[in-house]
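Enquirer: When you get a sec, could you give me coordinates for this:
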Amino acid sequence: MEGKILIYGTATCPFCVQARDAYKDRATFVDVEKDSEKLKEMLTLSGGKRQVPVIIDGDKVTVGFLGDTSLRGGIPLFGGT
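Expert: Sure thing, here's the model as predicted:
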């Protein structure tokens with residue numbers, strides 16, 4: 001999967017929508033609600049976690065999305081004032 005970014009998620013998940021917006025066309029979105037085989041694939045990659053989105057970037061697996069901090073001037077989504 002080198003160089004290809006995959007986002008496993010659902011169409012109604014707000015964090016999945018944010019991840020898709022942040023990655024734009026650098027990533028391919030996989031809707032795990034519509035494809036049970038892709039859900040199994042996601043669960044294998046995430047260590048069984050049923051949290052979405054699961055973002056695969058090369059060998060790196062990230063479960064969840066806190067937002068693109070660059071869109072908010074480097075301020076993280078949680079914490080700070």
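Enquirer: for this protein, what spans make up the strands?
Expert: 5-9, 27-31, 54-57, 60-63 (DSSP state E).
Enquirer: can these go into JSON lines with extra columns for distance to Leu39, mean pLDDT and mean neighbour count?
Expert: In this view, the C-beta of every residue, glycine as well, is placed from N, C-alpha and C. Shown next, in JSON lines, are the strands of the chain (distance: least, C-beta to C-beta, whole Å; pLDDT from 0 to 100; neighbours: other C-beta atoms under 10 Å):
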{"stretch": "strand 5-9", "distance to Leu39": "8", "mean pLDDT": "96", "mean neighbour count": "22"}
{"stretch": "strand 27-31", "distance to Leu39": "9", "mean pLDDT": "96", "mean neighbour count": "17"}
{"stretch": "strand 54-57", "distance to Leu39": "10", "mean pLDDT": "94", "mean neighbour count": "22"}
{"stretch": "strand 60-63", "distance to Leu39": "14", "mean pLDDT": "92", "mean neighbour count": "14"}
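Enquirer: For Phe15, which of those strands is the nearest?
Expert: Minimum separation from Phe15 across those (C-beta to C-beta) falls at strand 5-9, 7.6 Å.
Enquirer: List the pairing partners of that closest one within its sheet, with orientation.
Expert: Using DSSP bridges, the strands paired with strand 5-9 are strand 27-31 (parallel), strand 54-57 (antiparallel).
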